[in-house]
Structure formats: structure tokens, C-alpha cells
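Student: Provide a 3D model corresponding to the input given below.
(one chain, ligands or ions: 2)
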Amino acid sequence: MMNSVSESFKSNPIQLNRIIPLDFNAVPEVPDSHTWIQSTDDPPFDPFAAESVPVIDLTQPDAVLLTRHACEQWGVFQLTNHGIPIDLLTELEFQTRHLFSLPLDQKLRAIRSPEGCTGYGLPRISTFFPKLMWSEGFSIMGSPVEHCSQLWPHDHAKFCEVMEEYQREIKDLTERILGLMLRSMGLTREDVEWLKPREGSKLPQGLLHLNSYPVCPDPSRAMGLAPHTDSSLLTLLYQSSTTGLQVHSENVGWVPVHPIPGALVVNIGDLMHILSNSRFKSPTHQVLVNKTRHRISIAYFYGPPGDVKISPSMTLIDHKHPALYRPVTWKEYLDAKAMHFNKALASIRNDVHIAH
Ligand SMILES: O=C(O)CCC(=O)C(=O)O
Ligand SMILES: [Fe+2]
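Tutor: Ligands and ions are numbered 1, 2, ... in the order given. Reported below is the predicted structural model:
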């Protein structure tokens, strides 16, 4: 099945040495290939600073208003009472750990191809950095059975079942949150034509990405996942119970997103930033590793149907607020990202003069 993600990845193949992970268990120290010099441009994080990523209870009456504030100020928040059963999240984490605990040679049977977007391998953004990251991933779109039968020829049924059930649940939730965000900007679902199922139209798309950050002998010299923004409309992340995720804030530098049991992290992606005509932030985030705990996380990237162009919403545009970006499909945006990485948004920005 081809969609925006697989089409874009196919036209932007990557080198095998940027796909195959290290055997993290077999190295006593961080090799030169994985040594990062940590940037010291930012002020050191003050744990007593008042700023932290907002937490929103989906059942609270003012959830819409809180969502807007969170999206404008941070572009990220933690969501509680979201309705995804804790048992499913526990099982999701268990199955994910099960996969990554396999020996490397077994995981390599399910390696992602250079043009592919599913299977086992390094984070895709590895191509943009001279050093490699201290992490490995496994990407899924719909049924993971093809790669899972390479990993486990016989007993992959439970893994597949859990991954498919989670994708169904998280897609519904993501669409609910999306509705909430649109309402919080004063739009209705009718303003966003493509959210309504139409005759013959393609469906919104999702990619599930399992991340593994193995225990690291020297975390200060390694990088779990380098700073980036997500190319989705929205990303919903389950980060289980180990710290590591940080979000960049202009005022205070890197701010940790401390895990809350059972909560999901909601992260605005670049396409939502475009749709909101830059009202909502698409936050830069990164993941640090640690010495004692093997961290895992599960990210769900949600995007529009392949035939839809995302552009700044008409209801947010007037002579004081001209459209800041050109319309793009998800595939076009992923291609821009593959070419320009963190300059991708700038590459589709209109040259506008703001009236006063
Ligand atoms: O592992 C995490 O907490 C974040 C993962 C992430 O940012 C991503 O997969 O894009
Ligand atoms: Fe991300």
C-alpha cells in the first residue's frame, strides 16, 4: 500500500550505514562514531523554574481553551484521562520491549530497506548528522506482519494484534484532539474539508514508530534522538516511565517532559503549524539517554490524506495576517524535509509583508 510517507521515502532513499544500528549491548564505551559534543549555547535548565509543559485532562470543561494556550505557548502538552485503556498501553510497552530485547542479528532480519518506511533501523533523521544516535526504531503502518514474520516466523500474532489495536485506538483519539485544536482556533470541522469522509477520497494516514534507547555507558557523550520537529499534523507519544524527552523553549532552553503514568504527550507537527498560519508552535524536541534504564517510547504520526494540500486556514487570514506558507501535500512536505531538514518550513514560506 503506497501513501504519502512511503512515496516520499521511496523517492529519498538513504544509505545503509545510516540505517543499521550498532550492537549497543556489545560496546563497553561510546565509540567515536556515536560521540556527540553537547551544545552549551543554552542556559542550564533550572529545575525550580515555574515553566513546565502543560498537563490537560481531556474530561475537564475548559479543555478547549487550555489546548489553545498550550499549543500557542508550547506546541506540546501532556494529556490525561484520554480514554486509551492503561492495559493496552502496558501491553504495548511489553511487546515493544520484547522486540528490542531480541539479539541484533535477529532484529536485522527485519531491517528497513533504503527506500522503505517500515521495519527495523536507525532514526530516519540520522542522515542529517555526522554522528550516529544512541537509539534504534521499528516503524509500522497498519499491519506489521511482513516484518514480524521475519523476526518471529511462528509466534508474531500477539505482537501484531496489539500494534493494530493500538493504531485503531490512537487514530480515533488523535482525530478527537485534532477536532479540539481546530475548535480552539475558531475553526469547525467543516472548515477542514478533508476531515469529512468524502466519496472516493483517500483516508488520513498514520505511522507508528517504536523507539528504543538502550542503556548508555556515557550519556553525556551520546544523543538518543537529535533535535528535530515532527513532519506530521500531530504526534501522540507514549513515553512510558523513563525521562529523556526534552522540549525547547525560547525562554528557558531545554525543558524535560517528565513522564506521568498513563499520560500521552501531544506534540504539534509542522503541518499543523502551517494550518494554523504559525499560531501553533511546532516545537523542537530531543531525547537524552541514561546509564541505568532502557527507555522506550511509541510515537504515532498523523497526517492528512495524500490528495490534500495543507495551507494556512482561510479563517485565520486577513490583511494583518497574510498566509505565511504555500499549500503543500504531506508528500511534498516530507520531500522538503528530506532535502532541507530543519529549514523545510523556511523553504515553503511566502515572502510576505505584514500590514500595520
Ligand atoms: O522518544 C521520545 O520521547 C520522542 C520520540 C520522537 O520525538 C519521535 O519519534 O519523533
Ligand atoms: Fe519527534
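
Student: near ligand 1, anything from the host helix or strand of Tyr166?
Tutor: When elements are assigned from DSSP states H and E, Tyr166 belongs to helix 157-184. No. Helix 157-184 is not in contact with ligand 1 by Cβ under 6 Å from any ligand atom; minimum separation 13.8 Å. To be clear about C-beta, it is placed using only N, CA and C from the backbone, and glycine gets the same treatment.

Student: how far out from the middle of the chain is that helix?
Tutor: 14 Å (Cα atoms, centre = their mean, to the nearest Å).

Student: okay, now the closest residue to Asp230 other than its chain neighbours: neighbour count?
Tutor: The shortest distance from Asp230 to any non-neighbouring residue, by Cβ to Cβ, 6 or more residues apart in numbering, is to Gly269 (4.0 Å). Neighbourhood size, Gly269 [other Cβ atoms under 10 Å]: 24.

Student: ok, now Asp218?
Tutor: Asp218: 13 neighbours (other Cβ under 10 Å).

Student: surely it touches Val30?
Tutor: Yes. Using Cβ atoms under 8 Å, Asp218 is in contact with Val30, at 4.9 Å.

Student: follow-up on the earlier one: and the helix holding Tyr166, what does it pack onto?
Tutor: Applying 3 or more Cβ pairs under 8 Å, 6 or more residues apart in numbering; DSSP states H and E, one finds that helix 157-184 contacts helix 63-73, helix 86-100, helix 145-151, strand 205-213, strand 234-238, strand 295-303.

Student: buried ones in it?
Tutor: 159-160, 162-164, 166-167, 169-171, 173-175, 177-182, 184 (16 or more other Cβ atoms under 10 Å).

Student: need the helices and strands packed on helix 157-184 in a markdown table with mean neighbour count, mean pLDDT and distance to ligand 1, can you?
Tutor: Shown next, in a markdown table, are the helices and strands packed on helix 157-184 (neighbours: other Cβ atoms under 10 Å; pLDDT from 0 to 100; distance: least, Cβ to the nearest ligand atom, whole Å):
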| stretch | mean neighbour count | mean pLDDT | distance to ligand 1 |
| --- | --- | --- | --- |
| helix 63-73 | 18 | 96 | 17 |
| helix 86-100 | 16 | 98 | 11 |
| helix 145-151 | 18 | 94 | 18 |
| strand 205-213 | 23 | 97 | 5 |
| strand 234-238 | 23 | 98 | 6 |
| strand 295-303 | 24 | 98 | 3 |
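
Student: report pLDDT for the closest residue to Pro312 other than its chain neighbours.
Tutor: Spatial nearest neighbour of Pro312, excluding adjacent residues (Cβ to Cβ, 6+ apart): Asn277 at 3.6 Å. On the pLDDT scale, Asn277 is placed at 97.

Student: then Asn3?
Tutor: 89.

Student: so how many other residues sit close to it?
Tutor: 21.

Student: let me see the contact set for the residue lying closest to it once chain neighbours are set aside.
Tutor: Using Cβ to Cβ, 6+ apart and skipping the chain neighbours, the partner closest in space to Asn3 is Gln205 (5.0 Å). Contact analysis of Gln205 by Cβ atoms under 8 Å, 6 or more residues apart in numbering lists Asn3, Ser4, Val5, Met141, Tyr302, Gly303, Pro304, Pro305, Gly306, Trp330.

Student: just flag the most distant two among those residues.
Tutor: Spanning the widest gap among the contacts of Gln205 are Met141 and Pro304, at 15.2 Å by Cβ to Cβ.

Student: which stretches of this protein form strands?
Tutor: Per DSSP state E, the chain carries strands over the ranges 55-57, 76-80, 119-121, 136-140, 205-213, 225-228, 234-238, 245-249, 253-256, 264-268, 285-287, 295-303.

Student: let's have those strands in CSV, adding distance to His319.
Tutor: Listed next are the strands of the chain as CSV, based on distance: least, Cβ to Cβ, whole Å:
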stretch, distance to His319
strand 55-57, 34
strand 76-80, 31
strand 119-121, 48
strand 136-140, 43
strand 205-213, 35
strand 225-228, 34
strand 234-238, 30
strand 245-249, 31
strand 253-256, 36
strand 264-268, 26
strand 285-287, 34
strand 295-303, 31
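
Student: the chain against ligand 1: which residues are in contact?
Tutor: Close to ligand 1, as judged by Cβ under 6 Å from any ligand atom, the chain has residues His209, Asn211, Leu225, Asp230, Leu237, Gln239, Leu245, His285, Val287, Ser297, Ala299.

Student: and with 5 Å instead?
Tutor: Residues of the chain found near ligand 1 (Cβ under 5 Å from any ligand atom) are Asn211, Gln239, Leu245, Val287, Ser297, Ala299.

Student: my read: His285 touches Gly224, true?
Tutor: No. Between His285 and Gly224 there is no contact under Cβ under 8 Å: 10.9 Å.

Student: shared neighbours, the two?
Tutor: Counting by Cβ under 8 Å, 6+ apart, nothing touches both His285 and Gly224.

Student: report pLDDT for Asp191.
Tutor: 74.

Student: check contacts around it.
Tutor: Leu182, Ser313, Met314, Thr315.

Student: so what's the second one up against?
Tutor: Applying Cβ under 8 Å, 6+ apart to Ser313 gives the contacts Met185, Leu187, Asp191, Val192, Leu275, Ser276, Asn277.

Student: show me which of the contacts of Gln205 is closest to Ala26.
Tutor: Among the contacts of Gln205, and counting by Cβ to Cβ, the member closest to Ala26 is Met141, at 30.6 Å.
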